[in-house]
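In: sharing a sequence plus its predicted fold:
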Amino acid sequence: MPHTDYDVVIAGGGMVGASLALSLYVHSGGKLRVLVVESFALPPLAESGVPAYRPSFDARATALSFGSQQIYQELGVWSLLNEHLSTISQVHVSDRGHFGSVLMTAESQGWQALGYVVENMWLGNVLLNHLRQHTNIEFLSPAKVSGIQIADGYANLTILDGEASRDITSQLVAVADGAESGLRAQLGISATVADYHQVAVIANVATERPHNGCAFERFTERGPLALLPLVNDGSGESRSALVWTFPENMAEEVMAWSESEFLAELQRNFGYRLGRLQKVGQRASFPLQLMQADEQVRRQVVVLGNAAHSLHPVAGQGFNLALRDVDCLSRMLAMAQREGRDLGSLGLLQGYVASQEVDQRVTTAFSDQLTGIFSNRQPVLSVVRNLGLLLLDVTPAAKSRFVARAAGIMPGSSAESW
(Lines give C-alpha, C1' and ligand atoms only; values in the text may rest on other atoms or scores of the structure.)
Protein backbone atom coordinates (compact mmCIF):
# COMPACT_ATOMS: atom_id res chain seq x y z
CA MET A 1 0.00 0.00 0.00
CA PRO A 2 1.64 3.30 -1.12
CA HIS A 3 2.35 6.07 1.39
CA THR A 4 -0.11 8.96 1.10
CA ASP A 5 -0.28 12.47 2.53
CA TYR A 6 -3.62 11.70 4.22
CA ASP A 7 -5.77 8.71 5.05
CA VAL A 8 -9.05 10.50 4.27
CA VAL A 9 -9.73 13.80 2.50
CA ILE A 10 -13.25 15.16 2.99
CA ALA A 11 -14.44 17.45 0.21
CA GLY A 12 -17.01 19.62 1.97
CA GLY A 13 -16.90 20.87 5.55
CA GLY A 14 -20.63 21.32 6.06
CA MET A 15 -22.65 19.41 8.64
CA VAL A 16 -22.10 16.02 6.97
CA GLY A 17 -18.40 16.54 6.26
CA ALA A 18 -17.69 17.88 9.75
CA SER A 19 -19.64 15.01 11.33
CA LEU A 20 -17.60 12.52 9.32
CA ALA A 21 -14.32 14.10 10.41
CA LEU A 22 -15.33 13.96 14.07
CA SER A 23 -16.62 10.40 13.78
CA LEU A 24 -13.37 9.28 12.15
CA TYR A 25 -11.39 10.90 14.95
CA VAL A 26 -13.45 9.31 17.73
CA HIS A 27 -13.69 5.80 16.29
CA SER A 28 -10.02 5.61 15.28
CA GLY A 29 -8.81 7.06 18.56
CA GLY A 30 -7.22 9.94 16.66
CA LYS A 31 -5.10 7.60 14.52
CA LEU A 32 -6.44 8.61 11.10
CA ARG A 33 -4.90 11.55 9.22
CA VAL A 34 -7.84 13.60 7.98
CA LEU A 35 -8.02 16.73 5.82
CA VAL A 36 -11.25 18.72 5.45
CA VAL A 37 -11.48 20.98 2.39
CA GLU A 38 -14.20 23.62 2.65
CA SER A 39 -15.04 26.36 0.13
CA PHE A 40 -16.30 28.85 2.73
CA ALA A 41 -14.11 30.57 5.30
CA LEU A 42 -14.28 28.94 8.73
CA PRO A 43 -15.62 30.91 11.72
CA PRO A 44 -13.05 32.06 14.30
CA LEU A 45 -11.89 29.37 16.72
CA ALA A 46 -13.36 29.97 20.18
CA GLU A 47 -10.58 30.31 22.74
CA SER A 48 -12.89 29.13 25.51
CA GLY A 49 -13.62 25.92 23.64
CA VAL A 50 -17.27 26.91 23.20
CA PRO A 51 -18.33 28.90 20.09
CA ALA A 52 -20.40 32.04 20.56
CA TYR A 53 -24.14 31.62 20.11
CA ARG A 54 -25.58 34.44 18.01
CA PRO A 55 -29.39 34.25 18.05
CA SER A 56 -31.27 35.27 14.92
CA PHE A 57 -34.97 35.12 14.15
CA ASP A 58 -34.18 33.85 10.66
CA ALA A 59 -31.69 31.13 11.61
CA ARG A 60 -32.20 27.97 9.52
CA ALA A 61 -32.57 24.73 11.45
CA THR A 62 -32.39 20.94 11.10
CA ALA A 63 -34.45 18.27 12.84
CA LEU A 64 -32.28 15.66 14.56
CA SER A 65 -33.87 12.29 15.21
CA PHE A 66 -33.61 10.40 18.48
CA GLY A 67 -31.09 8.13 16.74
CA SER A 68 -28.95 11.12 15.72
CA GLN A 69 -28.87 12.31 19.32
CA GLN A 70 -27.37 8.95 20.29
CA ILE A 71 -24.65 9.35 17.63
CA TYR A 72 -23.67 12.87 18.73
CA GLN A 73 -23.71 11.73 22.35
CA GLU A 74 -21.11 9.09 21.52
CA LEU A 75 -19.06 11.66 19.59
CA GLY A 76 -18.86 13.84 22.69
CA VAL A 77 -20.59 17.00 21.42
CA TRP A 78 -24.18 16.51 22.53
CA SER A 79 -23.77 18.39 25.80
CA LEU A 80 -22.65 21.45 23.82
CA LEU A 81 -25.37 21.14 21.19
CA ASN A 82 -27.96 20.73 23.91
CA GLU A 83 -27.36 24.28 25.16
CA HIS A 84 -29.21 25.81 22.20
CA LEU A 85 -31.70 23.35 20.75
CA SER A 86 -35.39 22.69 21.09
CA THR A 87 -36.76 19.32 22.20
CA ILE A 88 -39.55 17.67 20.22
CA SER A 89 -41.71 16.07 22.90
CA GLN A 90 -44.66 15.33 20.63
CA VAL A 91 -45.64 15.33 16.96
CA HIS A 92 -49.15 16.08 15.77
CA VAL A 93 -50.06 14.80 12.29
CA SER A 94 -53.28 15.95 10.62
CA ASP A 95 -54.98 16.36 7.26
CA ARG A 96 -56.69 19.71 6.65
CA GLY A 97 -60.43 19.41 6.11
CA HIS A 98 -60.56 15.76 7.21
CA PHE A 99 -61.18 13.91 10.45
CA GLY A 100 -58.01 11.81 10.74
CA SER A 101 -55.14 12.84 13.02
CA VAL A 102 -52.54 11.22 15.22
CA LEU A 103 -50.52 12.43 18.20
CA MET A 104 -47.16 10.80 18.86
CA THR A 105 -45.42 11.48 22.16
CA ALA A 106 -41.99 10.78 23.58
CA GLU A 107 -43.60 9.66 26.84
CA SER A 108 -45.53 6.88 25.11
CA GLN A 109 -42.23 5.56 23.69
CA GLY A 110 -40.43 5.81 27.02
CA TRP A 111 -37.98 8.30 25.48
CA GLN A 112 -36.78 11.69 26.66
CA ALA A 113 -37.63 13.17 23.26
CA LEU A 114 -38.82 12.19 19.78
CA GLY A 115 -36.17 14.42 18.32
CA TYR A 116 -34.56 17.82 18.49
CA VAL A 117 -34.34 20.96 16.37
CA VAL A 118 -30.96 22.66 16.15
CA GLU A 119 -29.97 25.78 14.27
CA ASN A 120 -27.62 24.90 11.42
CA MET A 121 -25.08 27.57 12.33
CA TRP A 122 -24.89 26.36 15.92
CA LEU A 123 -24.48 22.72 14.89
CA GLY A 124 -21.82 23.60 12.32
CA ASN A 125 -19.89 25.88 14.68
CA VAL A 126 -19.91 23.34 17.52
CA LEU A 127 -18.64 20.58 15.24
CA LEU A 128 -15.95 22.71 13.59
CA ASN A 129 -14.78 24.23 16.86
CA HIS A 130 -14.51 20.78 18.43
CA LEU A 131 -12.62 19.39 15.44
CA ARG A 132 -10.10 22.19 15.21
CA GLN A 133 -8.84 21.41 18.70
CA HIS A 134 -7.43 18.10 17.37
CA THR A 135 -4.07 18.47 15.64
CA ASN A 136 -4.38 15.45 13.36
CA ILE A 137 -7.50 16.89 11.69
CA GLU A 138 -6.43 19.58 9.24
CA PHE A 139 -8.53 22.17 7.44
CA LEU A 140 -8.09 24.06 4.19
CA SER A 141 -10.57 26.92 4.00
CA PRO A 142 -11.53 28.61 1.80
CA ALA A 143 -10.35 26.04 -0.73
CA LYS A 144 -11.80 23.39 -3.00
CA VAL A 145 -10.93 20.07 -4.60
CA SER A 146 -10.76 20.87 -8.31
CA GLY A 147 -9.71 17.49 -9.62
CA ILE A 148 -9.39 13.82 -8.67
CA GLN A 149 -7.31 11.18 -10.40
CA ILE A 150 -7.49 7.59 -9.17
CA ALA A 151 -4.17 5.77 -9.22
CA ASP A 152 -3.13 2.32 -7.99
CA GLY A 153 -4.16 2.29 -4.32
CA TYR A 154 -4.59 6.04 -3.81
CA ALA A 155 -6.30 9.18 -5.07
CA ASN A 156 -4.39 12.19 -6.36
CA LEU A 157 -6.23 15.43 -5.67
CA THR A 158 -5.68 18.90 -7.05
CA ILE A 159 -6.66 21.56 -4.53
CA LEU A 160 -7.18 25.24 -5.22
CA ASP A 161 -6.19 27.22 -2.13
CA GLY A 162 -6.61 30.90 -2.92
CA GLU A 163 -4.44 31.65 -5.94
CA ALA A 164 -2.30 28.55 -5.42
CA SER A 165 -2.84 25.03 -6.71
CA ARG A 166 -1.29 21.94 -5.21
CA ASP A 167 -1.50 18.17 -5.46
CA ILE A 168 -1.96 15.83 -2.50
CA THR A 169 -2.58 12.10 -2.15
CA SER A 170 -5.04 10.21 0.02
CA GLN A 171 -6.22 6.65 0.52
CA LEU A 172 -9.84 7.81 0.37
CA VAL A 173 -11.81 10.83 -0.82
CA ALA A 174 -15.21 11.47 0.78
CA VAL A 175 -17.36 13.60 -1.53
CA ALA A 176 -19.75 15.61 0.66
CA ASP A 177 -20.23 18.81 -1.33
CA GLY A 178 -24.03 18.82 -1.56
CA ALA A 179 -26.87 17.82 -3.87
CA GLU A 180 -25.42 19.73 -6.83
CA SER A 181 -22.07 18.04 -6.28
CA GLY A 182 -19.50 19.24 -8.79
CA LEU A 183 -17.09 16.47 -7.81
CA ARG A 184 -19.71 13.77 -8.32
CA ALA A 185 -20.35 15.12 -11.81
CA GLN A 186 -16.62 15.43 -12.52
CA LEU A 187 -16.16 11.76 -11.58
CA GLY A 188 -18.88 10.84 -14.07
CA ILE A 189 -21.20 9.48 -11.39
CA SER A 190 -24.75 9.93 -12.64
CA ALA A 191 -27.83 10.34 -10.47
CA THR A 192 -31.42 9.16 -10.72
CA VAL A 193 -33.84 12.02 -10.15
CA ALA A 194 -37.59 11.85 -9.50
CA ASP A 195 -39.13 15.31 -9.73
CA TYR A 196 -41.96 15.97 -7.26
CA HIS A 197 -42.97 19.05 -9.30
CA GLN A 198 -43.14 20.91 -6.02
CA VAL A 199 -41.21 23.71 -4.35
CA ALA A 200 -40.45 24.02 -0.64
CA VAL A 201 -40.86 27.43 0.94
CA ILE A 202 -38.95 27.74 4.21
CA ALA A 203 -39.14 30.47 6.83
CA ASN A 204 -39.39 30.95 10.58
CA VAL A 205 -42.72 31.94 12.10
CA ALA A 206 -43.54 33.66 15.40
CA THR A 207 -46.70 32.38 17.10
CA GLU A 208 -49.02 33.74 19.75
CA ARG A 209 -48.86 30.60 21.87
CA PRO A 210 -45.71 28.71 22.87
CA HIS A 211 -45.10 25.52 20.94
CA ASN A 212 -44.27 23.57 24.13
CA GLY A 213 -42.04 21.22 22.15
CA CYS A 214 -44.73 20.14 19.68
CA ALA A 215 -43.92 19.61 16.01
CA PHE A 216 -46.73 19.65 13.47
CA GLU A 217 -47.13 17.79 10.19
CA ARG A 218 -50.14 19.16 8.32
CA PHE A 219 -51.31 17.98 4.92
CA THR A 220 -53.16 20.49 2.77
CA GLU A 221 -54.73 20.56 -0.68
CA ARG A 222 -51.59 22.15 -2.12
CA GLY A 223 -49.03 20.02 -0.32
CA PRO A 224 -47.68 19.09 3.12
CA LEU A 225 -46.35 21.60 5.61
CA ALA A 226 -44.29 21.13 8.75
CA LEU A 227 -43.76 23.42 11.73
CA LEU A 228 -40.85 22.47 13.98
CA PRO A 229 -40.26 23.99 17.44
CA LEU A 230 -37.29 26.34 17.70
CA VAL A 231 -35.37 27.53 20.73
CA ASN A 232 -36.20 31.06 21.90
CA ASP A 233 -33.87 33.51 20.15
CA GLY A 234 -33.78 35.91 23.11
CA SER A 235 -36.59 38.16 21.88
CA GLY A 236 -39.26 36.40 23.93
CA GLU A 237 -41.09 35.26 20.79
CA SER A 238 -42.09 31.63 20.34
CA ARG A 239 -40.60 30.51 17.02
CA SER A 240 -41.24 27.54 14.77
CA ALA A 241 -39.43 26.56 11.57
CA LEU A 242 -41.78 26.23 8.60
CA VAL A 243 -41.33 23.98 5.58
CA TRP A 244 -44.34 24.39 3.25
CA THR A 245 -44.64 22.68 -0.12
CA PHE A 246 -46.50 24.05 -3.14
CA PRO A 247 -46.97 23.00 -6.75
CA GLU A 248 -43.99 24.24 -8.75
CA ASN A 249 -46.16 26.64 -10.78
CA MET A 250 -46.98 28.58 -7.59
CA ALA A 251 -43.40 29.34 -6.60
CA GLU A 252 -43.25 32.92 -7.88
CA GLU A 253 -46.71 33.75 -6.57
CA VAL A 254 -45.98 32.50 -3.04
CA MET A 255 -42.65 34.30 -2.84
CA ALA A 256 -44.36 37.51 -3.99
CA TRP A 257 -47.01 37.42 -1.24
CA SER A 258 -46.71 40.19 1.32
CA GLU A 259 -46.07 39.17 4.92
CA SER A 260 -49.74 39.67 5.79
CA GLU A 261 -50.88 37.61 2.77
CA PHE A 262 -48.45 34.82 3.58
CA LEU A 263 -49.50 34.70 7.25
CA ALA A 264 -53.20 34.75 6.36
CA GLU A 265 -52.82 31.84 3.93
CA LEU A 266 -50.69 29.89 6.41
CA GLN A 267 -53.23 30.54 9.17
CA ARG A 268 -56.03 29.28 6.94
CA ASN A 269 -54.14 26.06 6.20
CA PHE A 270 -52.61 25.44 9.61
CA GLY A 271 -55.38 26.63 11.91
CA TYR A 272 -55.08 28.09 15.41
CA ARG A 273 -53.27 25.34 17.34
CA LEU A 274 -50.57 27.91 18.15
CA GLY A 275 -52.92 30.88 18.26
CA ARG A 276 -52.43 33.71 15.80
CA LEU A 277 -49.39 33.63 13.56
CA GLN A 278 -47.70 36.95 14.25
CA LYS A 279 -44.59 37.24 12.13
CA VAL A 280 -42.79 35.47 9.31
CA GLY A 281 -39.08 35.88 8.62
CA GLN A 282 -37.08 35.75 5.42
CA ARG A 283 -38.49 33.26 2.94
CA ALA A 284 -36.51 31.01 0.62
CA SER A 285 -37.69 28.45 -1.90
CA PHE A 286 -36.14 25.53 -3.74
CA PRO A 287 -37.42 22.79 -6.09
CA LEU A 288 -38.08 19.37 -4.59
CA GLN A 289 -36.65 16.19 -6.04
CA LEU A 290 -35.77 12.72 -4.87
CA MET A 291 -32.15 12.33 -5.99
CA GLN A 292 -30.04 9.21 -5.59
CA ALA A 293 -26.50 8.80 -6.88
CA ASP A 294 -26.24 5.76 -9.14
CA GLU A 295 -22.90 4.89 -7.49
CA GLN A 296 -22.00 5.69 -3.90
CA VAL A 297 -18.53 4.15 -4.01
CA ARG A 298 -15.67 3.58 -6.38
CA ARG A 299 -12.07 2.67 -5.69
CA GLN A 300 -10.72 5.34 -3.29
CA VAL A 301 -14.02 7.33 -3.45
CA VAL A 302 -17.20 7.46 -1.36
CA VAL A 303 -20.16 9.82 -1.90
CA LEU A 304 -22.08 10.99 1.17
CA GLY A 305 -24.91 13.26 2.33
CA ASN A 306 -27.01 15.12 -0.22
CA ALA A 307 -24.45 14.23 -2.88
CA ALA A 308 -25.50 10.59 -2.37
CA HIS A 309 -29.21 10.95 -1.65
CA SER A 310 -31.44 14.00 -1.33
CA LEU A 311 -34.93 13.44 0.13
CA HIS A 312 -38.12 15.45 0.51
CA PRO A 313 -37.62 17.73 3.56
CA VAL A 314 -41.08 17.46 5.14
CA ALA A 315 -40.45 13.95 6.49
CA GLY A 316 -37.20 15.23 8.07
CA GLN A 317 -35.17 12.15 7.13
CA GLY A 318 -32.35 13.39 4.90
CA PHE A 319 -29.68 14.60 7.32
CA ASN A 320 -30.44 11.86 9.84
CA LEU A 321 -29.92 9.19 7.19
CA ALA A 322 -26.66 10.86 6.17
CA LEU A 323 -25.50 10.84 9.80
CA ARG A 324 -26.19 7.11 10.09
CA ASP A 325 -24.18 6.58 6.88
CA VAL A 326 -21.33 8.58 8.44
CA ASP A 327 -21.48 6.51 11.63
CA CYS A 328 -21.37 3.20 9.74
CA LEU A 329 -18.59 4.29 7.36
CA SER A 330 -16.33 5.74 10.04
CA ARG A 331 -16.57 2.59 12.17
CA MET A 332 -15.62 0.42 9.19
CA LEU A 333 -12.73 2.70 8.21
CA ALA A 334 -11.40 2.78 11.77
CA MET A 335 -11.43 -1.01 11.91
CA ALA A 336 -9.71 -1.24 8.51
CA GLN A 337 -7.01 1.17 9.70
CA ARG A 338 -6.34 -0.97 12.77
CA GLU A 339 -5.99 -4.01 10.48
CA GLY A 340 -3.65 -2.21 8.09
CA ARG A 341 -6.06 -2.41 5.15
CA ASP A 342 -6.41 0.03 2.25
CA LEU A 343 -9.17 2.47 3.25
CA GLY A 344 -10.11 2.99 -0.38
CA SER A 345 -10.36 -0.65 -1.43
CA LEU A 346 -13.48 -1.38 -3.42
CA GLY A 347 -14.31 -4.43 -1.31
CA LEU A 348 -14.27 -2.42 1.90
CA LEU A 349 -16.39 0.38 0.45
CA GLN A 350 -18.87 -2.05 -1.10
CA GLY A 351 -19.20 -3.59 2.37
CA TYR A 352 -20.22 -0.16 3.68
CA VAL A 353 -22.87 0.20 0.96
CA ALA A 354 -24.19 -3.28 1.72
CA SER A 355 -24.40 -2.47 5.45
CA GLN A 356 -26.43 0.68 4.77
CA GLU A 357 -28.52 -0.63 1.88
CA VAL A 358 -31.60 -1.59 3.92
CA ASP A 359 -31.57 1.62 5.96
CA GLN A 360 -31.21 3.77 2.85
CA ARG A 361 -33.88 1.88 0.94
CA VAL A 362 -36.42 1.84 3.77
CA THR A 363 -35.82 5.48 4.75
CA THR A 364 -36.05 6.68 1.16
CA ALA A 365 -39.25 4.71 0.60
CA PHE A 366 -40.72 5.95 3.90
CA SER A 367 -40.04 9.57 2.95
CA ASP A 368 -41.17 9.22 -0.66
CA GLN A 369 -44.35 7.28 0.09
CA LEU A 370 -45.34 9.55 2.96
CA THR A 371 -44.95 12.54 0.67
CA GLY A 372 -46.86 10.86 -2.18
CA ILE A 373 -49.74 9.70 -0.01
CA PHE A 374 -50.31 13.06 1.61
CA SER A 375 -49.80 15.11 -1.56
CA ASN A 376 -52.54 13.22 -3.42
CA ARG A 377 -55.97 14.87 -3.13
CA GLN A 378 -58.06 12.17 -4.84
CA PRO A 379 -61.28 11.72 -2.77
CA VAL A 380 -60.98 7.93 -2.39
CA LEU A 381 -57.36 8.17 -1.27
CA SER A 382 -58.27 10.95 1.15
CA VAL A 383 -60.76 8.64 2.89
CA VAL A 384 -58.27 5.78 3.06
CA ARG A 385 -55.53 8.12 4.29
CA ASN A 386 -57.62 9.49 7.12
CA LEU A 387 -58.88 6.07 8.15
CA GLY A 388 -55.22 5.11 8.28
CA LEU A 389 -54.44 8.03 10.60
CA LEU A 390 -57.31 7.05 12.88
CA LEU A 391 -56.17 3.42 12.92
CA LEU A 392 -52.61 4.51 13.65
CA ASP A 393 -53.78 6.63 16.57
CA VAL A 394 -55.68 3.78 18.25
CA THR A 395 -53.16 1.00 17.55
CA PRO A 396 -50.23 1.37 19.97
CA ALA A 397 -47.99 -1.21 18.29
CA ALA A 398 -48.42 0.32 14.82
CA LYS A 399 -47.90 3.82 16.17
CA SER A 400 -44.75 2.73 18.02
CA ARG A 401 -43.27 1.25 14.82
CA PHE A 402 -44.13 4.41 12.88
CA VAL A 403 -42.50 6.61 15.53
CA ALA A 404 -39.38 4.43 15.60
CA ARG A 405 -39.08 4.61 11.81
CA ALA A 406 -39.41 8.41 11.87
CA ALA A 407 -36.79 8.52 14.64
CA GLY A 408 -34.29 6.67 12.47
CA ILE A 409 -34.41 3.39 14.37
CA MET A 410 -34.47 0.28 12.20
CA PRO A 411 -36.78 -2.62 13.18
CA GLY A 412 -34.93 -5.21 15.23
CA SER A 413 -32.06 -2.92 16.16
CA SER A 414 -30.83 -2.68 19.73
CA ALA A 415 -31.87 0.98 19.67
CA GLU A 416 -35.52 -0.09 19.85
CA SER A 417 -34.99 -0.75 23.53
CA TRP A 418 -33.61 2.75 24.29
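Out: Yep, it's here.
In: counting by contacts, list what whichever strand or helix holds residue 252 packs against.
Out: Taking DSSP states H and E as the criterion, residue 252 maps to helix 251-256. Applying 3 or more C-beta pairs under 8 Å, 6 or more residues apart in numbering; DSSP states H and E, one finds that helix 251-256 contacts strand 191-207, strand 284-293. From N, CA and C alone the C-beta is placed, and that goes for glycine too.
In: partners of the longest one, with directions?
Out: Spelled out, that is strand 191-207. strand 238-247 (antiparallel), strand 277-280 (antiparallel), strand 284-293 (antiparallel) (DSSP bridges).
In: residue 342 is nearest to which of these?
Out: Closest to residue 342 of the strands paired with strand 191-207 is strand 284-293 (C-beta to C-beta; 22.3 Å).
In: chain center to the very next helix or strand once past that closest one: distance?
Out: Sequence order places strand 297-298 as the next helix or strand after strand 284-293, per DSSP H and E. Distance of strand 297-298 from its chain centroid, counting by C-alpha atoms, centre = their mean, to the nearest Å, is 22 Å.
In: any chance you could list what contacts strand 297-298?
Out: For strand 297-298, contacts defined as C-beta atoms under 8 Å, 6 or more residues apart in numbering pick out 150, 187, 189, 303, 346, 349, 350, 352, 353.
In: rerun at 6 Å
Out: The contact list for strand 297-298 (C-beta atoms under 6 Å, 6 or more residues apart in numbering) reads 349, 353.
In: tell me the helix or strand right after that strand.
Out: Immediately after strand 297-298, counting by DSSP H and E, sits strand 301-303.
In: strands paired with that following strand, and their directions?
Out: Strand 301-303 is paired, per DSSP bridges, with strand 164-175 (parallel), strand 297-298 (antiparallel).
In: distance from the chain centre to that strand, please.
Out: With C-alpha atoms, centre = their mean, you get 18 Å for strand 301-303.
In: same check, this time on stretch 205-223
Out: Per C-alpha atoms, centre = their mean, the displacement of stretch 205-223 from the mean C-alpha position of its chain is 20 Å.
In: pLDDT of that stretch, averaged?
Out: Confidence for stretch 205-223, expressed as mean pLDDT, is 90.
In: now it: buried residues?
Out: 205-207, 211, 213-220, 222-223 (16 or more other C-beta atoms under 10 Å).
In: returning to what we had before: just name the most buried of the strands paired with strand 191-207.
Out: The highest average neighbour count among the strands paired with strand 191-207, using mean count of other C-beta atoms under 10 Å, belongs to strand 238-247 at a mean of 22.
In: what's the mean pLDDT across that one?
Out: Mean predicted lDDT for strand 238-247 stands at 93.
In: relative to residue 69, which of the strands paired with strand 191-207 is closest?
Out: strand 238-247 (17.8 Å).
In: hmm, who's touching the closest one?
Out: Contacts of strand 238-247 (C-beta under 6 Å, 6+ apart): 61, 198-207, 210-211, 222-230, 254, 313-314.
In: hmm, try it at 7 Å
Out: With C-beta atoms under 7 Å, 6 or more residues apart in numbering as the test, strand 238-247 has contacts from 57, 61, 117, 197-207, 209-211, 222-230, 233, 254, 288, 313-314.
In: show the buried residues in these.
Out: Neighbour-count burial (16+ other C-beta under 10 Å) applied to these gives 57, 61, 117, 198-207, 211, 222-230, 233, 254, 288, 313-314.
In: hmm, residue 148 is touching residue 188, no?
Out: No. Using C-beta atoms under 7 Å as the test, residue 148 is too far from residue 188 to be in contact (10.8 Å).
In: pick out whichever of the two has more residues nearby.
Out: residue 148 (20 against 8; other C-beta atoms under 10 Å).
In: which other helices and strands contact the one helix or strand the more buried one maps to?
Out: Residue 148 is located in strand 144-150, with elements delineated by DSSP H and E. If you count contacts as 3 or more C-beta pairs under 7 Å, 6 or more residues apart in numbering; DSSP states H and E, strand 144-150 packs onto strand 155-161.
In: packing partners of the strand it packs on?
Out: strand 144-150, strand 164-175.
In: any stretches of the stretch 51-200 of the chain with poor pLDDT?
Out: Where the stretch 51-200 of the chain drops to pLDDT under 70, the residues are 96-101.
In: tell me which stretches of it form helices.
Out: Listed in chain order, the helices of the stretch 51-200 of the chain (DSSP state H, counting those that start in this stretch) span 66-74, 78-81, 106-109, 120-131, 182-186.
In: tell me the most buried of these?
Out: helix 120-131 (a mean of 22).
In: so that helix versus helix 66-74, what angle?
Out: 30 degrees (axes from the mean of the first three to the mean of the last three C-alpha atoms, to 10 degrees).
In: which elements pack onto helix 120-131?
Out: helix 15-28, strand 61-65, helix 78-81.
In: so how far is that helix from its chain's centroid?
Out: The mean C-alpha position of helix 120-131 is separated from the chain mean by 14 Å, C-alpha atoms, centre = their mean.
In: how many degrees apart are that helix and helix 15-28 in direction?
Out: Using the same axes, to 10 degrees: helix 120-131 against helix 15-28 is 30 degrees.
In: and the host helix or strand of residue 333, average pLDDT?
Out: Using DSSP H and E, residue 333 maps to helix 318-338. Summarised as a single mean, pLDDT over helix 318-338 is 96.
In: which parts of it are buried?
Out: Applying 16+ other C-beta under 10 Å to helix 318-338 flags 318-334, 336-337 as buried.
In: distance of residue 276 relative to residue 253?
Out: Note on residue 276: its distance to residue 253, by C-beta to C-beta, to the nearest Å, is 24 Å.
In: cool, residue 73 as well?
Out: 44 Å.
In: same check, this time on residue 52
Out: For residue 52, the distance to residue 253 - C-beta to C-beta - is 39 Å.
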